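Chemist: Quick one, structure for this:
(one chain, ligands or ions: 1)
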Amino acid sequence: MGLKDECGVCGIFRPENLESDSTASSMAYFALVSLQHRGQESAGIVVSDGQTLKLKKEMGLVGDVFHKEDFEELKGRIAIGHVRYATAGGRTIENAQPMLNSFKLGSIALAHNGQLVNYEPLREMLEDSGSTFNSTSDTEVILKLIARSYKKGIENAIHGTMQLIKGSYALCILTQDSLIGVRDPNGIRPLCLGKLPEVDGKPGGYILASESCAIDSVNGELIRDIKPGEIIIINKDGIHSSSIDVKNRKQTCVFEYVYFSRPDSVIDGIPVQEARYRMGQALALESFVEADVVVGVPDSGIGAAMGYSKASGIPYVTGIVKNKYIGRTFIAPTQKERENMVFVKLNAISSDLRGKKVVVIDDSIVRGTTSRRLVQILRRAGAKEVHFRVSSPPVKFPCHLGIDTPSKNELISSMHEVDEICKEIGADTLAFISLDGMIKALGGDSFCKGCFNGEYPV
Ligand code: SF4
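Modeler: Sure thing, here's the model as predicted:
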């Protein structure tokens, strides 16, 4: 625990012959609610009625930003949506998404999950040729690049933009008549395509989303993931797919499986909960310890704890509960108070733990402060021994691809050996899964592992 989520994107396309035209924005709303775990700072939806693009975005959670009357305004058949956690650019409404650009030839809106590594030179190039910017976000650079060559047609404009931008990006793009999904050539951030349920026997249209749980939330059906380097255009003629020449191999962010994604999502054919379960099994084989119970840190540690329990034969108990209602509205003023927020967020169930030797499984250790508080919570609840196990390897390097990580000298594993970290967090023993063990548990090696080994896809 400790890395920050990135963003979530979605897109809805409803065919022309359906009765209600307000359902695109309300479906985008439900999809965003189910992607809320990916970003809680701002939320927005843009809808097209075929002529005009209408936008609403504000700082806050999806449920606080949108009200019943908004959907009367946001009428149209095609919509895109975004939830944001700021990685590039500041936490301001100007940087909230989707971003909308209207120009001589039309309008485009863009929702982006990821981060460009060449944002600065591209922005400088655009400014030198007369572009002005309203935000400090890399998303506006992508939007301006597409708009600049829009007269060549939207598909060519996107192809051209993809030749220039480097980094991670899963995009949902809205024009007056099309919904477009794009995934970067390494497929670093996830994006999937689903079918919406039929309405009175007529096809219901399509949905694009960062995670398949958003497709489930509108009773849709997952069709497939967008391939690395693929552009998918959905309009009245159906679905059209093209790709840029992909020279690099697929390298999806491994943290999608470890921590970011919801356990009920399936990403690139791998069910997230199953991946966590297998990581827990691998962890038990690599670092077994005699104990009475296994507990998982909610939410993402639970799958791994169940896997650890199965492989070790040590019973799984709930042990820790999470308060789901904290949100990000309260920003504690001092570092110490921020660290103590763990006591508000997590608590232990003494009847599960009193007098027991406890194995606790968390998804990661970043600064170490949360882990230290967690050990305190378990000991306060009466745990006799606390054996800390981590279902990802030590995080030693910062991420430049859309995940908010502290600088290298704040990453505890970058500065200290495992036994020193164990002492620092106050556990009896500490072990991390090996990089090999984690990759084997995922069933292949098509992942970015930059924060563990310093080797990034771009
Ligand atoms: S560096 Fe780490 S967090 Fe960033 S994309 Fe790669 S695996 Fe994910």
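
Chemist: Let me know the secondary structure of the closest residue to Val218 other than its chain neighbours.
Modeler: In space, and not counting its chain neighbours, Val218 is closest to Met27: 4.9 Å by C-beta to C-beta, 6 or more residues apart in numbering. Where C-beta positions appear, they are placed from N, C-alpha and C, glycine not excepted. Three-state assignment for Met27 (DSSP: H, G, I helix; E, B strand; the rest coil): helix.

Chemist: Contact partners for Met27?
Modeler: Residues near Met27 by C-beta atoms under 8 Å, 6 or more residues apart in numbering: Ile12, Arg14, Ala79, Leu196, Ile207, Val218.

Chemist: quick one: which of those residues sit in helices?
Modeler: With helices taken from DSSP state H, there is no overlap with the contacts of Met27.

Chemist: Where does pLDDT dip in the protein?
Modeler: 1-5, 20-22, 86-90, 327-333 (pLDDT under 70).

Chemist: Which residues of it lie near the ligand?
Modeler: Contacts of the chain with the ligand, taken as C-beta under 6 Å from any ligand atom, map to Ile188, Cys253, Val254, Phe255, Cys399, Leu401, Ile403, Cys448, Lys449, Gly450, Cys451, Tyr456.

Chemist: With respect to Gly307, which of those residues is nearest?
Modeler: Gly307 has its nearest neighbour among these in Val254, at 16.4 Å by C-beta to C-beta.

Chemist: Was I right to think the closest one contacts Lys449?
Modeler: Yes. At 5.6 Å, Val254 counts as touching Lys449 under the criterion of C-beta atoms under 8 Å.

Chemist: on that earlier part again, which of the contacts of Met27 lies at the shortest distance from the ligand?
Modeler: Nearest to the ligand out of the contacts of Met27 is Ile207 (C-beta to the nearest ligand atom; 24.5 Å).

Chemist: The closest one and Cys7: what is the separation?
Modeler: 17 Å (C-beta to C-beta, to the nearest Å).

Chemist: and these two? which has more neighbours close in?
Modeler: When Ile207 and Cys7 are compared for neighbours, Ile207 comes out ahead with 32 against 26, by other C-beta atoms under 10 Å.

Chemist: tell me the SS of the closest residue to that one other than its chain neighbours?
Modeler: Nearest residue to Ile207, sequence neighbours excluded (C-beta to C-beta, 6+ apart): Gly194, at 4.6 Å. Classification of Gly194 using three-state DSSP returns strand.

Chemist: Pull up the distance across stretch 127-142, start to finish.
Modeler: The first and last residues of stretch 127-142 sit 13 Å apart, counting by C-alpha to C-alpha, to the nearest Å.

Chemist: now do stretch 363-371
Modeler: 11 Å.

Chemist: and what of stretch 164-178?
Modeler: 23 Å.

Chemist: how about Val117, what does it touch?
Modeler: Lys166, Gly167, His400, Leu401, Val458.

Chemist: now Phe397
Modeler: Going by C-beta under 8 Å, 6+ apart, Phe397 touches Lys408, Leu411, Ser414, Gly450, Cys451, Phe452, Asn453, Gly454.

Chemist: With Gly301 as the reference, measure out to the closest residue to the first one other than its chain neighbours.
Modeler: If I follow you right, that is Lys408. Of all residues not flanking Lys408 in the chain, Ser414 sits nearest, at 5.0 Å (C-beta to C-beta, 6+ apart). Distance of Ser414 to Gly301, given as C-beta to C-beta: 22 Å.

Chemist: Compare those two and say which one has the larger neighbour count.
Modeler: A direct count of neighbours by other C-beta under 10 Å for Ser414 and Gly301 places Gly301 higher, at 27 against 17.

Chemist: So what does the more buried one look like in phi/psi?
Modeler: phi -80, psi -10 (degrees, to the nearest 10).

Chemist: residues contacting it?
Modeler: By C-beta under 8 Å, 6+ apart, the residues touching Gly301 are Met1, Val360, Ile361, Asp362, Asp363, Ser391.

Chemist: which one among those residues gets closest to Gly39?
Modeler: Using C-beta to C-beta, Met1 comes nearest to Gly39 of the contacts of Gly301, at 16.7 Å.

Chemist: Confirm Ser46 sits in a strand?
Modeler: For residue 46 the amino acid is Val, not Ser. Yes. Under three-state DSSP, Val46 sits within a strand.

Chemist: Residues in contact with the longest helix that the chain contains: which ones?
Modeler: Counting residues, the longest helix found in the chain (DSSP H) is helix 272-286. Helix 272-286 has contacts (C-beta under 8 Å, 6+ apart) with 256-258, 261-266, 300, 302-312, 361, 363, 389-392, 431, 433-434, 437-438, 440-443.
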